[in-house]
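J.: Provide a 3D model corresponding to the input given below.
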Amino acid sequence: MAVAAVLLVPGVARADGDPASDYLVVQDVFFPFDVKVPAAEAGRFSQLVADATKRGFRVKVALIAGPGDLGSVTALWRKPQQYAEFLGQELYYVYRGPLLIAMPNGYGISQRGKPLAAARALLDREPLPGRDLAGAATSAVRKLAAARGIDVPVPAAASGSGENRDRLVIAGIAAAVAALAAAVAVLRRRRRPRTYP
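T.: Predicted structure coming up:
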């Protein structure tokens, strides 16, 4: 049931006026719907944002790859600063720290729905994200943190691919189910009444 509930979230959020505002209420990163970020890359970026928080730089990030990621506010597509301010106002009552937006054509940053001039000037010196939103946002988060005197190293790549990890988990579950079935069969045999000739 938990898996089914998680699978329903994207559909519900996609139908909302602003999907990122729903996601960022409970997590620190919003990944795009239509352009899939590879699992390993998404994991590294989420870890980077979590590490930044632990080191004293709390930030929420929305990666916006296309108009579909904006729900009903598609008028803000390719307007990252305006969207940062809009989304900051949407999140005002649950989050009041810096909010970073990465779109292919640039960045936006706000806090409580207001622009952050110094941070914006820093981001204006960054290369445009293009299609590599997670990679570009990694650099942006690190530079924003560094401007506050906080060093956030890039997390090391996880050993082994996500696919291999999934296979190991499935194999482990299958082995556990097989062991359980064998134990049940042994118990049933022991409980069977003995018959004597």
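
J.: Residue 56 against residue 152, yeah?
T.: No: contact status for residue 56 versus residue 152: not in contact, 9.6 Å apart, counting by C-beta atoms under 8 Å. C-betas here are computed from N, CA, C, even on glycine.

J.: Have a look at these two and say which one is more surrounded.
T.: Using other C-beta atoms under 10 Å as the criterion, residue 56 and residue 152 rank with residue 152 on top: 23 against 11.

J.: do you know how far that one is from residue 35?
T.: 25 Å (C-beta to C-beta, to the nearest Å).

J.: How about residue 44?
T.: 17 Å.

J.: Compare those two (neighbour count), which wins?
T.: The residue with more neighbours, out of residue 44 and residue 35, is residue 44; 19 against 15, by other C-beta under 10 Å.

J.: Give the full set of residues in contact with that one.
T.: For residue 44, the contacting residues are 134, 138, 154-155, 157-158, by C-beta atoms under 8 Å, 6 or more residues apart in numbering.

J.: Am I right that it is in a helix?
T.: Yes: applying DSSP: H, G, I helix; E, B strand; the rest coil, one finds residue 44 inside a helix.

J.: outside of the strand or helix carrying residue 110, which residues touch it?
T.: Secondary structure assignment for residue 110, by DSSP states H and E: strand 106-111. Residues from elsewhere that reach strand 106-111 (C-beta under 8 Å, 6+ apart): 79-85, 87-88, 96-101, 115-116, 119-120, 123-124, 126, 128-129, 140, 144.

J.: returning to that earlier point: now intersect the contacts of residue 44 with the helices, please.
T.: Judged by DSSP state H, the contacts of residue 44 include 134, 138 as members of helices.

J.: filter the contacts of residue 44 to the buried ones?
T.: Buried members of the contacts of residue 44, scored by 16 or more other C-beta atoms under 10 Å, are 134, 138.

J.: Show me which of the contacts of residue 44 is closest to residue 66.
T.: residue 134 (14.9 Å; C-beta to C-beta).

J.: Let me see the contact set for that closest one.
T.: Neighbouring residues of residue 134 by C-beta under 8 Å, 6+ apart: 31, 37, 41-42, 44-45, 63.

J.: Dig out what the residue nearest in space to the middle of the chain forms beta bridges with.
T.: The structure's the chain has its C-alpha centroid closest to residue 29; by C-alpha atoms, centre = their mean the separation is 4.1 Å. As for beta bridges, residue 29 partners with residue 61 under DSSP bridges.

J.: Check whether it really touches residue 63, as I assumed.
T.: Yes: counting by C-beta under 8 Å, residue 63 is a contact partner of residue 29 at 7.4 Å.

J.: can you list the domains in the protein?
T.: Here the domain assignment for the chain is 2-147, 162-197, based on automatic domain parsing.
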